[in-house]
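Trainee: Generate coordinates for the sequence data below:
(2 chains)
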Amino acid sequence: MFVLAEMKDVIRVTPEHFHQSLTESITILLNRKLANKVVLNVGLCIALFDITHIGHSYIFPGDGSSHTEVKFRYIVFRPLVEEILIGKIRSCSREGVHVTMGFFDDILIPVNALQHPSRFDETDQAWVWEYPKEDGEKHDLFMDSGESIRFRVTSEMFEESLPSGPPGSERPVQNIAPYRILGGINEPGLGLLTWWETPDQGDEENDDDEHDNDD
Amino acid sequence: MEPIKANAAFLCNYEVMQILQQLKDKTQKKNKRVESLATVTYETVHYLQDTECKNQSAESIQNFLEAMKIFKLTKAEKLMMVNTPPRTELEIQLIVQESEERLSEEDVQKIIDISNNYFPPT
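Mentor: Numbers count the residues shown, from 1 in each chain, chains lettered A, B, ... in the order given. Below is the predicted model:
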């Protein structure tokens, strides 16, 4: 789920921070620049892991700041395609089920990757897995918001975001997520965790959950 | 800013949890907070707290991986097993590609026993 990404950058330290050690300044500046941001084809940056190389610092004419080339490693959220993750359902819509990890929200399980057969319940705004019972009837399994869900990552998409126009301009702000993950739950064992809990494993607590689903 | 290697190494949830928690303590003491870092650290720790990694230790993970050496599994498969220790056959089938060909029924049972042993379910 998490990986280390090696990157390099030139860090500009302004004179008012010269009293700090260079490593300290670099750490703060790199975290300010990258934490909670998506780097194209790398993933969602979480926090600085370590600095592997600090080059010479240069001062350019007309600028009192020091410029230092650094190589560093960053903790990045970048699940592998085919990886199994556990998230929580954020909401359901006609497009499918939106899942969140808490720190990352742009996960969609599209309609064609839900358990089959599923239908969208308009009154509850939730997807329902119509689990066929042996006697030919079906058992409705609701996918409510907030429930924990296990899914397989099927693909990932990076979108280069354009800089927004100058303030006051009428250009509509593009709001595309820079990094999106598509998931699937159309395999046995995937979907809400409560669907697959074996009775002897979960004891009383889960019995309550099952009754909720029956309602 | 330029990526050199987008995937230099894998980290398991336990490692990320450790690093972030140290970071949280450090920044709180020094009072040098970077807002976006504080947000993402909080949210990630919040997520990880609900996963199995909060009961794991460096030692238990090492022992687990040592015990798993007898099976021919990929790095990614073992990583998933550390992050979400399999408790049922179904979970192993999901994690391991073509598990029916690569693992015998005994192997599957052994893997479940190993993960229950080193990462006891809560």
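
Trainee: Give me the contacts around stretch A:54-61.
Mentor: By CB atoms under 8 Å, 6 or more residues apart in numbering or on different chains, the residues outside stretch A:54-61 that reach it are A:13, A:22, A:23, A:26, A:65, A:66, A:67, A:68, A:69, A:70. For glycine as for every other residue, the C-beta is placed from the backbone atoms N, C-alpha and C.

Trainee: The lengthiest strand in chain A pairs with which strands, and in what direction?
Mentor: Determined from DSSP state E, the single longest strand within chain A is strand A:43-59. Under the criterion DSSP bridges, strand A:43-59 sits next to strand A:38-39 (antiparallel), strand A:66-77 (antiparallel) in its sheet.

Trainee: Report the mean per-residue pLDDT for the longest one.
Mentor: Averaging the model's pLDDT scores along strand A:66-77 yields 96.

Trainee: Heading C-terminal from it, find the next helix or strand.
Mentor: Scanning forward in sequence from strand A:66-77 by DSSP states H and E, the next helix or strand is strand A:84-93.

Trainee: chain center to that next one, what's the gap?
Mentor: Taking CA atoms, centre = their mean, to the nearest Å, the mean C-alpha location of strand A:84-93 is offset from the chain mean by 10 Å.

Trainee: ok, and does the next helix or strand after that strand reach over to chain B?
Mentor: Going down the chain from strand A:84-93, the next helix or strand is strand A:96-100, by DSSP H and E. No: judged by CB under 8 Å from any CB of the partner chain, strand A:96-100 stays clear of chain B, getting no closer than 9.2 Å.

Trainee: what does stretch A:106-124 give?
Mentor: No: judged by CB under 8 Å from any CB, stretch A:106-124 stays clear of chain B, getting no closer than 12.7 Å.

Trainee: what comes up buried for that stretch?
Mentor: For stretch A:106-124, a neighbour-count test (16 or more other CB atoms under 10 Å in any protein chain shown) marks A:106, A:107, A:108, A:109, A:113, A:114, A:115, A:118, A:120 as buried.

Trainee: Among those, which one lies nearest to chain B?
Mentor: Ranked by distance to chain B (CB to the nearest CB), the buried residues of stretch A:106-124 are led by residue A:107 at 12.7 Å.

Trainee: so that closest one touches residue A:183, yeah?
Mentor: Yes: in this structure, residue A:107 is within contact of residue A:183 by CB atoms under 8 Å, at 5.8 Å.

Trainee: which residues are common contacts for the two?
Mentor: Taking CB under 8 Å, 6+ apart as the contact rule, residue A:107 and residue A:183 both touch A:99, A:151.

Trainee: hang on, the earlier thing: adding pLDDT, write the buried residues of stretch A:106-124 out as CSV.
Mentor: CSV is the format used below for the buried residues of stretch A:106-124 (pLDDT from 0 to 100):
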residue, pLDDT
A:106, 93
A:107, 95
A:108, 95
A:109, 95
A:113, 93
A:114, 92
A:115, 88
A:118, 90
A:120, 90
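
Trainee: Residue B:8: neighbour count?
Mentor: Using other CB atoms under 10 Å in any protein chain shown, residue B:8 has 17 neighbouring residues.

Trainee: so what's it up against?
Mentor: So residue B:8 contacts A:3, A:4, A:5, A:6, A:73 (CB under 8 Å, 6+ apart).

Trainee: try 6 Å this time
Mentor: For residue B:8, the contact set (CB atoms under 6 Å, 6 or more residues apart in numbering or on different chains) comprises A:4, A:6.

Trainee: Now do the same for it: helix, strand or coil?
Mentor: Classification of residue B:8 by DSSP: H, G, I helix; E, B strand; the rest coil places it in strand.

Trainee: per-residue confidence at it?
Mentor: Residue B:8 carries a pLDDT value of 90.

Trainee: Now flag whichever of the buried residues of stretch A:106-124 is closest to residue A:192.
Mentor: Comparing these against residue A:192 with CB to CB places residue A:115 closest, at 9.8 Å.

Trainee: Can you report phi and psi for the closest one?
Mentor: Main-chain torsions, residue A:115, degrees, to the nearest 10: phi -60, psi 150.
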